[in-house]
Structures are given as structure tokens and as C-alpha cells.
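A.B. asks: missing the sequence, but the structure's below:
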């Protein structure tokens, strides 16, 4: 994986924070987790980076650049609250400072790849490009929904990344159902084709309820060796035949 890994999703509520926590938990050295824009929370409420730290443990250093109270896209939430937005250059400078101190930096986006962060319409992709302009090695991990409709969103995200010259390292199913339907089972084979990238894990639904002490073992069983785990895509697909 790239030293700077951006975690984006096929949409909202697909398991990005849980996936970020699982990747962080398996890092062999201290890791930094950055949330450029947190929405839908008041100033004293725990956000996504707090959940990552709770699950992944004390070796995780977390940073949140901006917070807006309404659960909307960052640019919309910032505009309605009359608050400033972080620029891609702000994000890149923060990432560079973290990368100088930590071996891995995870950047968790809000919603999908092209959600607007500021009034100029700049996105998580623009933040990654700004990091690359500083000489940082960046890559993307896409967290996908399990069921019907996810292939189109996955393909669109992969195409947008390819168009910008940003590498997609792999796809993780962020919430694998206990009783997967036909579409979910078929998607295990079809997601890598849609993404032109490997399937690197499937996190069971409800996994956030795991106690922090057991979370690392859970993460290892749900993520592939490329992310530090033991999960095997071929074996998992064979165990869920379509």
C-alpha cells in the first residue's frame, strides 16, 4: 500500500470509518488518520477519527481539520454554517507533516470521491493530487456496498481516479451481510472487474460492536495480506457461491 492511503466510498454509510480503523489496526508501526471534513456533529461529539482511535488502539494519531454541524456534504454544511473550508493545499500540508512523523497516513473522505469540499468544487481527489504535487506517494482504497447498485458506483469511482492518474489499490466491502443475497454474492466476483483492482476484504455487518481488545484479530480475518491481514478473496468467494 502507499504510505498515504485515501479511503473513499461508493457513497455514505458504506463502512469507510470501520475500514479505516481496520487498516490502522493492522499497521505494523504508528499510523496517523486524518479526516479533512467531519459533518453532522456538534463541537463536543466524538467523530469518525475518535471511532478509529477507539477501535484501532493507542498507536493511532488522529487529526480532524474541519467540522460542521449539519449532516450534509462538506461544502454545503460549511456554507450553511458560515464556516471556512480546508483547501487541498491545507490538506496536503497536513498530510506531509504527518507523513514526516508516521510511516502510514490514512485520509478518510466524506461520502464518495467527488463530494465537494469547498465553493470551488474541489474534492478528495483534488486533495490527493495536492499531496502528490508535494512528492507524496498516494493511493486510494475504495469501500463499496455489498449489494445491488454497487457495481456502477464502483466503476464510476475507478474511472474518475484513472482519469486523474490516481491509483486505486483495491476494494473492500465495508459491510458484508450475515445472509447475503444473490447480488451480493455475484458482486464478489464482479467488483474487481468493475474496479480494475483487487478485492481486499469484506468486513462483517455490525463489526463496530467489537470490543477494542478483539478488534485487531477481527481486522486481520477481514482484510487481505496487502492490508496486513489473512483474508483470502478466492476462498471467501468460493464460500459464497452465486
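C.D. replies: Alright, I've got the coordinates. Predicted model, so just to flag it, every value in this text is computed and none were measured. Residues are numbered from 1 along each chain as shown.
A.B. asks: Packing partners of the helix-or-strand element of the chain with minimal mean pLDDT?
C.D. replies: Using mean pLDDT, DSSP states H and E, helix 212-222 stands out as the lowest-scoring helix or strand of the chain, at a mean of 90. Judged by 3 or more CB pairs under 8 Å, 6 or more residues apart in numbering; DSSP states H and E, helix 212-222 is in contact with helix 16-26, helix 48-56, strand 199-204. No exception for glycine: its C-beta is placed from N, CA and C like everyone else's.
A.B. asks: Kindly calculate the angle that that helix makes with helix 16-26.
C.D. replies: Helix 212-222 runs at 90 degrees relative to helix 16-26, counting by axes from the mean of the first three to the mean of the last three CA atoms, to 10 degrees.
A.B. asks: ok now the helix or strand following helix 212-222, how far from the chain's centre?
C.D. replies: Note on helix 212-222: by DSSP states H and E, the next helix or strand toward the C-terminus is helix 233-238. Centroid displacement of helix 233-238 relative to its chain, using CA atoms, centre = their mean, to the nearest Å, is 22 Å.
A.B. asks: Next: stretch 136-145.
C.D. replies: For stretch 136-145, the distance to the chain centre is 7 Å (CA atoms, centre = their mean).
A.B. asks: average pLDDT across that stretch?
C.D. replies: In this model, stretch 136-145 has an average pLDDT of 97.
A.B. asks: Please spell out which residues along that stretch are buried.
C.D. replies: 136, 138-145 (16 or more other CB atoms under 10 Å).
A.B. asks: okay, the helices and strands packed on helix 212-222 in JSON lines with mean neighbour count and distance to residue 104 next?
C.D. replies: Listed next are those as JSON lines, based on neighbours: other CB atoms under 10 Å; distance: least, CB to CB, whole Å:
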{"stretch": "helix 16-26", "mean neighbour count": "27", "distance to residue 104": "8"}
{"stretch": "helix 48-56", "mean neighbour count": "21", "distance to residue 104": "12"}
{"stretch": "strand 199-204", "mean neighbour count": "24", "distance to residue 104": "15"}
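A.B. asks: and of these, who's closest to residue 169?
C.D. replies: With CB to CB, the closest approach to residue 169 among the helices and strands packed on helix 212-222 belongs to strand 199-204: 7.5 Å.
A.B. asks: Just want the angle from the least confident helix or strand of the chain to helix 48-56.
C.D. replies: Using the same axes, to 10 degrees, helix 212-222 lies at 90 degrees relative to helix 48-56.
A.B. asks: and for helix 212-222, what are the contacting residues?
C.D. replies: The contact list for helix 212-222 (CB atoms under 8 Å, 6 or more residues apart in numbering) reads 21-23, 25-26, 54-57, 201-204, 207, 210, 228-231.
A.B. asks: Equivalent analysis for stretch 48-66, please.
C.D. replies: 16-18, 20-22, 24-25, 27, 29-38, 46-47, 74, 78, 83-86, 90-91, 94, 98, 102, 108, 208, 210, 212, 215-216.
A.B. asks: and that stretch, what's its mean pLDDT?
C.D. replies: Mean pLDDT, stretch 48-66: 93.
A.B. asks: And that stretch, end to end?
C.D. replies: 12 Å (CA to CA, to the nearest Å).
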